[in-house]
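> Give me a 3D structure for the following:
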Amino acid sequence: MPNSKILEQKKEAVKAMAEKVRNAKAVILADYRGLTVAQDTEMRAALRKAGIEYKVVKNSITRFAARENGLEDIIPYLEGPTAMAISDKDPVSPAKTLAEFAKKHEKFSLKAGIVEGKVITPDGIKALAELPPREVLVARVLGGLKSPVYGLANVLNANLRGLVVALKAVAEQKA
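Below you'll find the predicted structure:
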């Protein structure tokens, strides 16, 4: 039977991780086996620059935290060494950063992810990483909304132009 003090520490660790996962916009799990210290340092620096928290986690604690948040679908991915990248601001940046790193380093692999409470597969992470930045998507939506307004304005202006041309022609004819 485990020591009660150690058991309490583990319960606190589960509670803290469950809270982080619950509040996160995105959580990406990865297998870091085979990376050199230099490669790991490079990856951590890129994640830090993007404002993403990265740490190696214990699978048992992560399983309990996943169950606490109703994310049982992620449990099969919690095998072997697991690292976790967490972003509480942007759901796309951890996927972009880690997918880019995985392309450069064969030994690094993406396991699964949680984006806004939904479990996604490695293919889903790669698809998410290929999305354009948020600003580009917003600009596309605004452009799509703006074009019908311009079309309507042109149609209305054409009618007014036609009326002005017709009135001018009538005025010249009478003069």
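> Counting neighbours, what do you get for G117?
Residues within reach of G117, counting by other C-beta atoms under 10 Å, total 12. C-betas here are computed from N, CA, C, even on glycine.
> mind checking how far it is from A16?
18 Å (C-beta to C-beta, to the nearest Å).
> Same question for R22.
To A16, R22 is 11 Å away according to C-beta to C-beta.
> repeat for K10
From K10 over to A16 the distance is 11 Å, taken as C-beta to C-beta.
> Next: S60.
S60 sits 14 Å away from A16, going by C-beta to C-beta.
> Look up the closest residue to A129, ignoring the ones flanking it.
A99 (3.6 Å; C-beta to C-beta, 6 or more residues apart in numbering).
> contacting residues around the one you found?
110, 125-126, 129 (C-beta atoms under 8 Å, 6 or more residues apart in numbering).
> Wait, a strand at it?
No. Read with DSSP: H, G, I helix; E, B strand; the rest coil, A99 is helix and lies in no strand.
> So for it, what pLDDT did the model give?
Here, the pLDDT recorded for A99 equals 90.
> what ranges do the strands span in the chain?
Assigned by DSSP state E, the strands in the chain fall at 26-31, 53-57, 82-87, 109-115, 118-120.
> is it possible to export those to a markdown table including mean pLDDT, distance to V37 and mean neighbour count?
Below are those laid out as a markdown table (pLDDT from 0 to 100; distance: least, C-beta to C-beta, whole Å; neighbours: other C-beta atoms under 10 Å):
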| stretch | mean pLDDT | distance to V37 | mean neighbour count |
| --- | --- | --- | --- |
| strand 26-31 | 91 | 17 | 25 |
| strand 53-57 | 90 | 13 | 15 |
| strand 82-87 | 91 | 14 | 22 |
| strand 109-115 | 90 | 18 | 22 |
| strand 118-120 | 88 | 29 | 17 |
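> Among those, which comes closest to N69?
Nearest to N69 among the strands of the chain is strand 109-115; the distance by C-beta to C-beta comes to 8.4 Å.
> what packs against the closest one?
strand 26-31, helix 93-104, strand 118-120, helix 122-129 (3 or more C-beta pairs under 8 Å, 6 or more residues apart in numbering; DSSP states H and E).
> domain parsing for the chain?
4-131, 132-175 (automatic domain parsing).
> hey, which of the ones you listed is tucked in deepest?
domain 4-131 (a mean of 17; mean count of other C-beta atoms under 10 Å).
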